[in-house]
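S.K.: Got a predicted model here, sequence first, then my questions.
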Amino acid sequence: MNLAVELRDFSYQYPDGTAAIESIDLAIEHGEKVVLVGPNGAGKSTLLLAMAGFIRGRGTMVIDGMELSSKNLRWIRRILGCCMENPDDQLFMPTLYEDVIFGPLNMDISMHQAKNNTDFAFEQVGLTALVDKAPHHLSAGQKRGASIATVLSMSPKIITFDEPDGSLDPRNRRNLEEVLRKLSQTLIIATCNMRFAAAVADRAVIVNSGRIIADGAVKDILCDEKLMLDNGLETP
C-alpha cells in the first residue's frame, strides 16, 4: 500500500540561498494524524508548501505513491488539500456555500455529487446553518471551520494545516480539536501550541533549523522536557 506522504533526502533553499529544509526523510501513512512542531522559522510551513507543490526543492517528494512533478501537480492537489494559515485566503465568494462548492464544481464530477460533497463538508464542520452567510461576517472560529469545509468538499485523502489554532479563543479551539479528531483523512498539522498538538495528533515530528530532530508518539515527544526545551518548545 502506498504511503500518504514520503520525502527522501528533500531540501529547499530560499531564493537568496538560505537553507529552509535540509535533507529531510519522512514517511507518513494513510490515516495518521501528525503534528509538525518547532520554533518559528524552523521550516514547518515551508515543508507544508512543498508537500502541496507550491514550492519545489531537491530530492524526492511522493504523495500517495505519485512523485510530485509539474505534469501530475493538478492530480496531486486533488489528493492533498491544504488549509492556509489565514482562512481569508480561502474565502472569496459572496456566500459561504459558493466558497465551499467552488472546488467540487471545478472537478470532473456531476453537479449532484458536488452538492453532496458540499453538504457533507458543512456537516463535518458544523456550519450547515451558515451556508448563506457572507464569509466576512463570520467569527474567527467559523472562518476556520469554513476554510476546512472548502477542502473537505473536494474529498482529499490528505489535508495539511498551517497553524490552524491561531487567533482562536479557547471555545473555538476546542471545537476545532473536535472537528480534526473525527476526520478520517491523513492530517499533517504545523503548530506551535503543544496543548493543541497533544489534543489532535497521535504522532509528533520536531522540526528545527530545517531538519527533523525527533519523530515518535505524541505523548513521548511532547513530554520529553529536555528535548522540548533544547528545541525552544514547552511541554503541554
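M.R.: That came through, no problem.
S.K.: Which secondary structure element is home to the residue positioned nearest the centre of the chain?
M.R.: Taking Cα atoms, centre = their mean, the centroid of the chain lies closest to residue 160, which sits 1.6 Å from it. Secondary structure assigned from DSSP states H and E places residue 160 in strand 158-162.
S.K.: any idea of the mean pLDDT in the helix or strand that comes right after that strand?
M.R.: Next helix or strand after strand 158-162 toward the C-terminus (DSSP H and E): helix 170-182. For helix 170-182, the mean pLDDT works out to 91.
S.K.: in whatever helix or strand comes next after helix 170-182, what's buried?
M.R.: Later in the chain than helix 170-182, the nearest helix or strand by DSSP H and E is strand 186-191. By neighbour count on 16 or more other Cβ atoms under 10 Å, the buried set for strand 186-191 is 186-191. All C-beta spots, glycine's among them, are computed from the backbone N, C-alpha and C.
S.K.: on that earlier part again, return the set of residues that bridge with the residue nearest to the centre of the chain.
M.R.: Beta-bridge pairing of residue 160 under DSSP bridges involves residue 82, residue 188.
S.K.: From residue 223, how far off is it?
M.R.: 25 Å (Cβ to Cβ, to the nearest Å).
S.K.: Kindly report the same for residue 194.
M.R.: Distance from residue 194 to residue 223, counting by Cβ to Cβ: 10 Å.
S.K.: Between these two, which is the more surrounded one?
M.R.: Each of residue 194 and residue 223 has its neighbours counted (other Cβ atoms under 10 Å); residue 194 has more, 20 against 14.
S.K.: Helices of the chain, start to end?
M.R.: 44-51, 73-79, 96-105, 111-125, 140-152, 170-182, 194-200, 218-222, 225-230 (DSSP state H).
S.K.: Take the ones you listed and lay them out in a markdown table including distance to residue 133.
M.R.: Below are these laid out as a markdown table (distance: least, Cβ to Cβ, whole Å):
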| stretch | distance to residue 133 |
| --- | --- |
| helix 44-51 | 28 |
| helix 73-79 | 27 |
| helix 96-105 | 5 |
| helix 111-125 | 11 |
| helix 140-152 | 8 |
| helix 170-182 | 16 |
| helix 194-200 | 26 |
| helix 218-222 | 35 |
| helix 225-230 | 40 |
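S.K.: Which stretch among those approaches residue 2 most closely?
M.R.: Closest to residue 2 of the helices of the chain, according to Cβ to Cβ: helix 73-79, at 10.2 Å.
S.K.: So which elements touch that closest one?
M.R.: If you count contacts as 3 or more Cβ pairs under 8 Å, 6 or more residues apart in numbering; DSSP states H and E, helix 73-79 packs onto strand 66-67.
S.K.: what angle separates the strand holding residue 160 from strand 186-191?
M.R.: Relative orientation of strand 158-162 and strand 186-191, computed by axes from the mean of the first three to the mean of the last three Cα atoms, to 10 degrees: 10 degrees.
S.K.: Give me the contacts around strand 158-162.
M.R.: Strand 158-162 has contacts (Cβ atoms under 8 Å, 6 or more residues apart in numbering) with 4-5, 30, 44-45, 48, 51-52, 63-64, 79-85, 148, 151-152, 180, 183, 185-191.
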